[in-house]
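Participant: Sequence and predicted model, in that order:
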Amino acid sequence: MSPAKKNDQQPRRIAIISPCATLVPHFGTELDIAQQHLDAGDSVEFLHCTGGLKICEHNLNHSPAQCGDCVGRREMGVGLLTSPVKCHSFTETHTGQVKVDFESVEDLTDYNIGNFDIGYAALSSIVSICRDPEPDLIQHRQTLNRFLISAAQSYEQTVEYLSNNHVDRVYVFNGRFAAMRAVLRACQRMSVDCFLHERGCDLEHYDLFKNHLMHEIDSIEAAIEERWETARSNPNRNEIAASWFHDRVNRIEKVWHSFVKNQESGRLPSDWNPTRKNISVFCSSDDEFVAIGQAWRNDVYPNQVSAIARISRDLQMIQPETQIYLRVHPNLTSVDNQRKRDMLSLDYPNLTVIPPEAEIDTYELLRFSDTVVTFGSSVGSEAVFWGRPSVLLGPCFYQNLGGIYRSSSHQETIGLLAQTLEPQEITGALKYGFWLQTRGYRHQYFRASALFEGQFKNETIYARPQKLSSLSCLQRQAKRALSAILPVK
């Protein structure tokens with residue numbers, strides 16, 4: 001069902017606020033949403049960046065050429081809509097005082113402007129750019145300061161826009177990054193519904209998150225439970241849920257890259273001994289979640305490296321015959337930061353470290369392990385589905401769905417790992433898989449052909465389209481008129 005459908009006949013005023021680059025598929029999603037609302041009789045307008053914001057995650061040096069390309073793509077895309085839409089631009093000015101030059105992550109994350117957690121927002125952008133959960137703020141000071149200013153611009157100008165214009169609904173991409181989280185917080189301040197859009201269950205779908213970040217654990221848990229309950233009468237519910245786990249093992253890319261597709265099927269570590277007790281630890285690439293908020297803070301271990309070191313040392317003392325295998329996340333293959341270096345240098349007699357680029361088969365490792373340990377990786381839920389005991393040592397979306405052993409202290413962790421654990425019931429894993437396999441809304445006008453390729457209304461959005469001849473202009477105008485009354489194939 002289209003999110004633009006409504007029961008009443010009153011037209012709504014829709015704003016798509018886009019302080020980010022016009023990239024596939026997200027710009028295509030915004031155009032798709034805009035056209036759906038136009039079809040429903042609503043008015044649509046854009047508030048977007050035309051170079052006024054101080055920095056963009058995709059244009060760190062504020063290159064005029066890159067800004068021009070982005071503006072060109074936006075103009076072409078908006079021109080394909082069936083009705084004219086108003087377009088507003090972020091300006092270069094901001095009125096408030098913005099604190100800059102932070103020296104510690106703690107001081108940064110404590111920094112707020114009103115209801116806007118601007119410190120967390122700017123940190124999220126920095127962490128994602130440098131792929132380091134503990135970035136050196138001195139080294140990245142100039143970039144961080146520009147993100148802080150850009151976030152303040154986005155927040156202030158969104159508040160001003162909503163103050164001067166009655167808007168029924170706002171759409172914005174993702175919400176985790178600096179300028180985008182500013183839009184969400186501005187909407188919350190002004191009591192305007194804000195829908196964050198992201199990729200859905202596959203290339204044909206996008207998802208929406210109403211008034212909350214897509215990383216907020218409580219809200220996602222509620223969405224998982226609601227989707228499972230809504231499908232209660234579906235006789236294929238369990239089969240659909242199971243298909244998500246099978247797709248993962250089969251290296252099928254649906255929403256993002258498969259990080260196991262280059263691994264050698266069936267390959268185990270060379271020192272694997274099936275006669276001893278084997279515990280596999282699957283670490284996470286935690287840069288996406290480190291700057292969300294307090295809900296993602298691990299109250300037991302300060303980070304994964306110190307946790308694995310402590311577990312290896314203490315388990316060696318009481319159960320030296322147990323071998324621990326650490327599967328460093330393949331997503332960290334091209335990353336170079338201190339935490340990764342510390343992880344790869346862990347050296348204990350009962351610990352085998354598997355580098356991220358190693359061809360060891362993640363799923364063969366899971367299959368033959370006596371116990372699987374994660375800090376929030378989806379592998380923890382996958383282990384439950386495949387009938388392996390799963391111990392969770394950190395916060396995640398499936399933490400309260402059941403099926404896992406959840407540790408609340410280091411002492412409890414060692415106690416669990418020293419035991420012979422039994423697999424638990426898999427309903428929680430099925431709920432998680434069903435949500436991931438079905439979430440979102442189907443695109444109506446945008447067609448993705450790959451993770452970063454696609455067309456809107458059968459048109460590829462170019463940065464600077466070639467000047468059209470008079471005949472081509474007439475043909476485009478005719479096509480645009482027809483698309484208002486005929487469905488797009």
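Facilitator: Sure, I can see it. Residues are numbered from 1 along each chain as shown.

Participant: Do me a favour and get the end-to-end distance for stretch 298-309?
Facilitator: Separation of the first and last residues of stretch 298-309 by CA to CA, to the nearest Å is 16 Å.

Participant: Which positions in it come out as buried?
Facilitator: Buried residues in stretch 298-309, counting neighbours by 16 or more other CB atoms under 10 Å, are found at 300, 301, 303, 304, 305, 307, 308, 309. The way it works is simple: take the backbone N, C-alpha and C, and place the C-beta from them, glycine included.

Participant: Now, these that are in helices?
Facilitator: 304, 305, 307, 308, 309 (DSSP state H).

Participant: Go through those residues and say which is closest to residue 112.
Facilitator: Closest approach to residue 112 among those (CB to CB): residue 304, at 28.0 Å.

Participant: Break the protein down into its domains, please.
Facilitator: As assigned by automatic domain parsing, the chain contains the domains 13-216+442-483, 237-436.

Participant: which SS class is residue 15?
Facilitator: Under DSSP: H, G, I helix; E, B strand; the rest coil, the three-state class of residue 15 is strand.

Participant: partner residues bridging it?
Facilitator: Beta bridges link residue 15 to residue 45, residue 170, judged by DSSP bridges.

Participant: Now do it, the pLDDT please.
Facilitator: With respect to pLDDT, residue 15 has a value of 98.

Participant: Roughly how far does residue 444 sit from residue 40?
Facilitator: 11 Å (CB to CB, to the nearest Å).

Participant: Residue 261 contacts residue 249, correct?
Facilitator: No - Residue 261 lies out of contact with residue 249 (CB atoms under 8 Å); the separation is 11.3 Å.

Participant: Who has more neighbours out of the two?
Facilitator: Neighbours were counted for residue 261 and for residue 249 using other CB atoms under 10 Å; residue 249 has more, 17 against 11.

Participant: which stretches of the stretch 1-150 of the chain aren't confidently modelled?
Facilitator: Along the stretch 1-150 of the chain, segments meeting pLDDT under 70 span 1, 7-8.

Participant: and if we set it to 90?
Facilitator: Within the stretch 1-150 of the chain, the segments meeting pLDDT under 90 span 1-10, 21, 93-97.

Participant: ok, how many other residues are close to the nearest residue to residue 394 once chain neighbours are set aside?
Facilitator: Once flanking residues are discounted, residue 394 sits nearest to residue 375: 3.7 Å by CB to CB, 6 or more residues apart in numbering. For residue 375, the neighbour count with other CB under 10 Å is 23.

Participant: What separation is there between residue 302 and residue 346?
Facilitator: With CB to CB as the criterion, residue 302 and residue 346 are 15 Å apart.

Participant: same check, this time on residue 188
Facilitator: In terms of CB to CB, residue 188 sits 42 Å off from residue 346.

Participant: Residue 135 too?
Facilitator: Noted for residue 135: a distance of 22 Å to residue 346, by CB to CB.

Participant: between these two, which one's more packed in?
Facilitator: Per other CB under 10 Å, whichever of residue 135 and residue 346 has more neighbours is residue 135, with 23 against 16.

Participant: Quickly find the element holding that one.
Facilitator: Counting by DSSP states H and E, no helix or strand carries residue 135.

Participant: That one contacts residue 126, doesn't it?
Facilitator: Yes - counting by CB under 8 Å, residue 126 is a contact partner of residue 135 at 5.2 Å.

Participant: residue contacts, residue 80?
Facilitator: Residue 80 makes contact with 31, 456, 457, 459, 480 under the criterion CB atoms under 8 Å, 6 or more residues apart in numbering.

Participant: Mark which of those residues are buried, thanks.
Facilitator: When the contacts of residue 80 are checked for burial by 16+ other CB under 10 Å, the buried set is 31, 456, 457, 459.

Participant: Now tell me what touches the strand or helix carrying the first one from outside.
Facilitator: It refers to residue 31. Per DSSP H and E, residue 31 falls inside helix 26-39. With contact meaning CB under 8 Å, 6+ apart, helix 26-39 is reached by 2-4, 12, 14, 16, 18, 20-21, 44, 46, 73-74, 77-78, 80-83, 85, 171, 173-174, 197-198, 206, 443-446, 448, 454-457, 461.

Participant: What subset of those residues is buried?
Facilitator: Buried members of those, scored by 16+ other CB under 10 Å, are 3-4, 12, 14, 16, 18, 20-21, 44, 46, 73-74, 77-78, 80-82, 85, 171, 173-174, 197-198, 206, 443-446, 448, 454, 456-457, 461.

Participant: Which ones among those map onto strands?
Facilitator: Among those, DSSP state E puts 14, 16, 18, 44, 46, 171, 173, 197-198, 206, 446, 448, 454, 456 in strands.

Participant: can you redo those as CSV with distance to residue 394?
Facilitator: Shown next, in CSV, are these (distance: CB to CB, whole Å):
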residue, distance to residue 394
14, 38
16, 35
18, 33
44, 41
46, 39
171, 31
173, 27
197, 27
198, 22
206, 28
446, 35
448, 32
454, 35
456, 39
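
Participant: which among these gets closest to residue 141?
Facilitator: The closest of these to residue 141 turns out to be residue 173 (CB to CB; 26.5 Å).

Participant: Report pLDDT for the closest residue to residue 114 other than its chain neighbours.
Facilitator: Among residues not flanking residue 114 along the chain, residue 189 sits closest, at 6.5 Å (CB to CB, 6+ apart). Here the pLDDT value assigned to residue 189 is 98.
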